[in-house]
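Student: Fold the following for me, if possible:
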Amino acid sequence: MKYFIICKYANADKYKELKTYLDSCGYEITHDWLAAEPKKNEPVYDDVYYAQRIRPNIEGIQDADIVYAILPGGQDFHVELGVAIAFQKKIRFVYIAGTTVVASAYYAHPKIEHLEDYI
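Tutor: Presented below is the predicted three-dimensional model:
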């Protein structure tokens, strides 16, 4: 099974933990954006950088059988969630214990499954 993980940089440790688990189950990641994209700390918007960055993410979501979304999400979370919904992907939300998540109406979409833990 192929998968993609939506996650913000601040939760990179949870991304790596989930990726390690899914890989050990024999799953294949479609695009490891955390390894492929160094975090850009410059406050200036760089449209060339972002244009190059988003294409493999969208293709990774498109190629995935399932999309895992680690919450709370970051600034691109809802965009990537919308891409996954538009491509009719099965989506699993994984919540980080002790965090607050501000829900959206889209969180009730029938393609989304809510997990306390991913194991």
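
Student: ok, residue 109 touching residue 84?
Tutor: No - taking contacts as CB atoms under 8 Å, residue 109 lies outside contact range of residue 84: 9.5 Å. Yep, even glycine has a C-beta here, placed from its N, CA and C like the rest.

Student: Between these two, which has more neighbouring residues?
Tutor: Shown here are residue 109 and residue 84; by other CB atoms under 10 Å, residue 84 has more neighbours (25 against 13).

Student: picking up where we left off before, between residue 109 and residue 84, which contacts overlap?
Tutor: Common contacts of residue 109 and residue 84 (CB atoms under 8 Å, 6 or more residues apart in numbering): residue 91.

Student: From the chain's centroid, how far away is stretch 63-72?
Tutor: 5 Å (CA atoms, centre = their mean, to the nearest Å).

Student: Ignore what I typed, I meant stretch 68-75.
Tutor: Relative to its chain's centre, stretch 68-75 lies at 6 Å (CA atoms, centre = their mean).

Student: Quick check: buried residues in that stretch?
Tutor: Within stretch 68-75, the residues that qualify as buried are 68, 69, 70, 71, 73, counting by 16 or more other CB atoms under 10 Å.

Student: So which of the residues you listed sit within strands?
Tutor: Among the buried residues of stretch 68-75, DSSP state E puts 68, 69, 70, 71 in strands.
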